[in-house]
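K.L.:
give me coordinates for this.
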Amino acid sequence: MLEYFFGPRNPTRTWPPGVDQTITFNLDNASLNAVCLSESLDLLSFLGPDEDRKSFRNGELLYPSKGLAIRFSPRSHSLVEYRIVQSDPLDDRFLPFRGTVLVNGRSVSLAALQPARFVDEYGDFYWRDTDDDESILFYEFVGMEWQIEFDRGSHLKCITVTNEPIMCDEVQRIAYGVTAPWPPRSGKGT
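P.N.:
Here you go, the predicted model:
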C-alpha cells in the first residue's frame with residue numbers, strides 16, 4: 001500500500017556508505033567499475049545510497065558529489081544509462097566527475113576533451129545537434145548510443161551512454177532535424 005502512495009522502496013537506502021574508492025568509467029564498453037549497462041542495479045552498491053531521495057521513483061540514481069547520474073528500468077532494475085558529468089548548468093549540485101574515464105583504453109582528462117579531439121579519437125559521429133548553448137555529438141552502435149555534450153566554448157558538459165538510443169525513434173530524429181539515413185551505414189555512423 002505504501003508503494004502506491006510513495007513509489008517503490010529504494011534499495012540503495014540499505015547499501016553501505018560508498019567507500020572512497022576510485023570509480024572508473026570505461027567508454028569503450030559502457031561500464032562503471034566493470035558494471036555494464038543491462039546488468040542489475042544492485043551491482044552498483046559500492047556507490048552507497050543515492051544522494052537524491054526523489055529520483056529513484058523516476059528510475060534514476062543521482063550522485064551529484066561524484067558527478068554521476070544513472071538511469072535504470074523501474075520494472076526490472078536493469079541499468080539503461082550512465083551520465084558522466086563535467087558541468088551541469090541546469091543542476092548546480094553536480095560537481096565534475098571524480099573518477100577515471102577510459103577512452104580507447106587510455107585515461108583521458110574530461111576538462112581537456114574537445115569536440116575535434118573526440119572525433120579524432122572515435123571517428124565521425126552519426127549526427128551533431130547544435131544550438132546557442134551546446135553541441136551534442138551522437139554516436140550510434142547496435143543497441144548503444146553515446147551523447148557527447150559540449151558547451152558553447154567547446155568544453156565538455158557530459159558523456160551520456162545509453163542502451164535506449166533516442167535516435168532509434170523517428171519522432172526524435174525529426175525533432176533533432178536529422179537528415180542522415182537510419183540506421184547508420186557503419187558502426188560509428190556517417
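K.L.:
residue contacts, residue 40?
P.N.:
Contacts here follow C-beta atoms under 8 Å, 6 or more residues apart in numbering; on that basis residue 40 touches 77-79. Where C-beta positions appear, they are placed from N, C-alpha and C, glycine not excepted.
K.L.:
nope, residue 146 is what I meant
P.N.:
The neighbours of residue 146, taking C-beta under 8 Å, 6+ apart as the test, are 27, 137-139, 159-161.
K.L.:
kindly recompute the last result at 7 Å.
P.N.:
By C-beta atoms under 7 Å, 6 or more residues apart in numbering, residue 146 lies in contact with 139, 159, 161.
K.L.:
closest one of these to residue 101?
P.N.:
Proximity to residue 101 was ranked across these by C-beta to C-beta; first place goes to residue 159, at 7.4 Å.
K.L.:
which helices and strands does the strand or helix carrying that closest one pack with?
P.N.:
Assigned by DSSP states H and E, residue 159 belongs to strand 156-162. Applying 3 or more C-beta pairs under 7 Å, 6 or more residues apart in numbering; DSSP states H and E, we find strand 156-162 packed against strand 79-85, strand 144-151.
K.L.:
save these as a markdown table, and put in mean pLDDT and distance to residue 31 too.
P.N.:
Shown next, in a markdown table, are those (pLDDT from 0 to 100; distance: least, C-beta to C-beta, whole Å):
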| stretch | mean pLDDT | distance to residue 31 |
| --- | --- | --- |
| strand 79-85 | 97 | 8 |
| strand 144-151 | 96 | 12 |
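K.L.:
which of the contacts of residue 146 lies closest to residue 86?
P.N.:
residue 159 (8.2 Å).
K.L.:
tell me the confidence at the closest one?
P.N.:
pLDDT, residue 159: 96.
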